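Peer 1: what's the 3D shape of this:
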Amino acid sequence: NKSSLIRVGGGENFDKVYRAVIAANEEEGYKYHVVGGAAGTVSPMGWSWQGGLGGTTGGRLYGFGVDQVVQLEMVLPNGVHVKFGPTEWEDASAE
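Peer 2: As a prediction, the model looks like this:
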């Protein structure tokens, strides 16, 4: 089994995420689960940074929402585009 990742933009909500995972599950055999907010209108960004308490059954099994974040990508106030994960900081401006 390989881990699967979903890239979610800051302005998106869980409805888009849930629909994408449902489509993938219908195509590939129901092997993916999203740990997310209980309502589709919840933003993954806000939900994650407020702890991401499990609104779905996966929260108890897979941990809090913030535990699911693999990488962040953002533009800092000084205009520098960066990516960072649990162990590294990368200047993404050169990409």
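Peer 1: For the rest of this, base every contact and every neighbour count on C-alpha atoms.
Peer 2: OK.
Peer 1: Quick check: phi and psi on the closest residue to residue 40 other than its chain neighbours?
Peer 2: Distances taken as Cα to Cα, 6 or more residues apart in numbering put residue 15 closest to residue 40, at 4.0 Å, once the chain neighbours are dropped. Main-chain dihedrals, residue 15, degrees, to the nearest 10: phi -60, psi -50.
Peer 1: neighbours of residue 15, just the number please.
Peer 2: 18 (other Cα atoms under 10 Å).
Peer 1: Quick check, it in contact with residue 37.
Peer 2: No: if you go by Cα atoms under 8 Å, residue 15 and residue 37 don't touch, sitting 9.5 Å apart.
Peer 1: hang on, residue 83 in a strand?
Peer 2: Yes: assessed with DSSP: H, G, I helix; E, B strand; the rest coil, residue 83 lies in a strand.
Peer 1: Is it bridged to anything, and to what?
Peer 2: Residue 83 has these beta-bridge partners by DSSP bridges: residue 73, residue 90.
Peer 1: Quick one: neighbours of it, just the number.
Peer 2: So residue 83, with other Cα under 10 Å, has 15 neighbours.
Peer 1: could you measure it against residue 10, distance?
Peer 2: Look at residue 83 and residue 10: by Cα to Cα, to the nearest Å, they are 14 Å apart.
Peer 1: How about residue 82?
Peer 2: Using Cα to Cα, residue 82 is found at 15 Å from residue 10.
Peer 1: Compare these two and say which one has the larger neighbour count.
Peer 2: residue 82 (16 against 12).
Peer 1: right, and the more buried one touches residue 71 too?
Peer 2: No: the pair residue 82 and residue 71 fails to qualify as a contact (Cα under 8 Å) at a distance of 10.5 Å.
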